[in-house]
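*Asks:* Kindly return the folded structure for what I paste below:
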Amino acid sequence: MKQINPALQEHLDSGTTTLAWCWRLIRADGLSFGFTDHDRTRAFDGTDFEPESGLVASELRSGADLSVDAQDAEGVLSSDRITETDILDGRWDAAQVEVWRVNWANTDQRVLMRRGAIGQIRRGRLAFVAEVRSMAHVLGQTVGRTFQAGCDAALGDTRCGVDLEDPAFNGTGTVTDLLRDRAFSASGLGGFSAGWFAFGTIAWTSGANTGRKAEVLGHDVTDGVAVLTLLEPPVRAIAEGDSFIVRAGCDKRMATCAAKFANTVNFRGFPHMPGQDSVLRYATRDGGHEGGVL
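*Replies:* Numbers count the residues shown, from 1 in each chain. Okay, the predicted model is just below:
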């Protein structure tokens, strides 16, 4: 149950109220922003909540179960506080959100209605709609390890131990020919065999995507020229001359861990666990049930 400021409760009981909604958004980079649907700037807890900032919220949707409650916040891209560039660059992804009900005539009279995080952001030509998810969405995240055949470590992390800064596992290249929105030919990678960078990552060092990273889906070699295909099209279009650093990838199989990285001592999967073929076996008359290894 929420604890309401006695002065605010008295204001609510008066029958004539001066209430406004205030939203405080805290991005992953630590910057905080305040917005309000009131027509003047309100301030509390060290944050200025600015009006006419292009942010309007929908109704609150809440349930008594553990489902994720949600609210939509709609804004215009002409706001100097929320720009299309910041949205494209992912600066608002998973930003923390506080929703306050405030007496705009006396901001000491306020109550925190809910906390949440920015979820899906849908963009149009002139506006955006951001989903505000309740804290219950954290309960849907996987916690702990999973019993599976493949390795569950991230290539290069402390559990894996592979040094991706080793020249054998990374290369510097330049886009020479754009094939599709997420596929291109590149120079500078002639010393690597096909598939070496598949499932790896690429970090752009020049061009419109400078500073961004992306996952590599495929790495082919055609007539000695490397062709990289990204998992998703980048936020901004790739152009000839864009440079990048690409790092090797891993398909999480023990055979790859041994042959490519000589790192089986740190393999974090269970390669000998029974697969679905064992689960789906059934009794037959032609043997195969002598108790041996399947």
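*Asks:* Helices of the stretch 1-150 of the chain, residue ranges please.
*Replies:* 6-13, 84-88 (DSSP state H, counting those that start in this stretch).
*Asks:* residue ranges of the strands in the stretch 101-250 of the chain, please?
*Replies:* Ranges of strands within the stretch 101-250 of the chain are 110-123, 127-134, 170-180, 183-187, 201-204, 213-222, 225-230, 243-247, based on DSSP state E, counting those that start in this stretch.
*Asks:* a markdown table for those strands, including distance to residue 146?
*Replies:* C-beta here means a position set from N, CA and C on the backbone, and glycine is covered the same way. Output for these, formatted as a markdown table (distance: least, Cβ to Cβ, whole Å):
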| stretch | distance to residue 146 |
| --- | --- |
| strand 110-123 | 24 |
| strand 127-134 | 24 |
| strand 170-180 | 28 |
| strand 183-187 | 31 |
| strand 201-204 | 22 |
| strand 213-222 | 20 |
| strand 225-230 | 26 |
| strand 243-247 | 24 |
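*Asks:* Select from these the stretch with the lowest mean pLDDT.
*Replies:* Looking at the strands of the stretch 101-250 of the chain, the lowest mean pLDDT belongs to strand 127-134 (a mean of 68).
*Asks:* re the thing from before, is it possible to export the helices of the stretch 1-150 of the chain to JSON lines including mean pLDDT, mean neighbour count and distance to residue 185?
*Replies:* JSON lines is the format used below for those (pLDDT from 0 to 100; neighbours: other Cβ atoms under 10 Å; distance: least, Cβ to Cβ, whole Å):
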{"stretch": "helix 6-13", "mean pLDDT": "90", "mean neighbour count": "14", "distance to residue 185": "64"}
{"stretch": "helix 84-88", "mean pLDDT": "74", "mean neighbour count": "14", "distance to residue 185": "25"}
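*Asks:* Reformat these as JSON lines; add distance to residue 267.
*Replies:* Formatted as JSON lines, the helices of the stretch 1-150 of the chain follow (distance: least, Cβ to Cβ, whole Å):
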{"stretch": "helix 6-13", "distance to residue 267": "58"}
{"stretch": "helix 84-88", "distance to residue 267": "38"}
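*Asks:* and residue 29, which of those helices is closest to it?
*Replies:* With Cβ to Cβ, the closest approach to residue 29 among the helices of the stretch 1-150 of the chain belongs to helix 84-88: 10.1 Å.
*Asks:* which residues sit in contact with residue 194?
*Replies:* Going by Cβ atoms under 8 Å, 6 or more residues apart in numbering, residue 194 touches 219, 220, 221.
*Asks:* partners of the first one in the sheet?
*Replies:* By that I understand residue 219. Beta-bridge pairing for residue 219 (DSSP bridges): residue 228.
*Asks:* what about it, neighbour count?
*Replies:* By the measure other Cβ atoms under 10 Å, the count of residues near residue 219 is 23.
*Asks:* That one: what's it in contact with?
*Replies:* Counting by Cβ under 8 Å, 6+ apart, residue 219 has contacts 192, 194, 195, 196, 197, 198, 200, 226, 227, 228, 229, 249.
*Asks:* With the second one instead?
*Replies:* By Cβ under 8 Å, 6+ apart, the residues touching residue 220 are 194, 195, 226, 227, 229.
*Asks:* Identify, from those residues, the entry nearest to residue 8.
*Replies:* residue 229 (56.9 Å).
*Asks:* so the closest one makes contact with residue 181?
*Replies:* No: using Cβ atoms under 8 Å, residue 229 makes no contact with residue 181, being 10.5 Å away.
*Asks:* between these two, which one's more packed in?
*Replies:* Each of residue 229 and residue 181 has its neighbours counted (other Cβ under 10 Å); residue 229 has more, 15 against 12.
*Asks:* Would you mind measuring from that one to residue 250?
*Replies:* Using Cβ to Cβ, to the nearest Å, residue 229 is found at 17 Å from residue 250.
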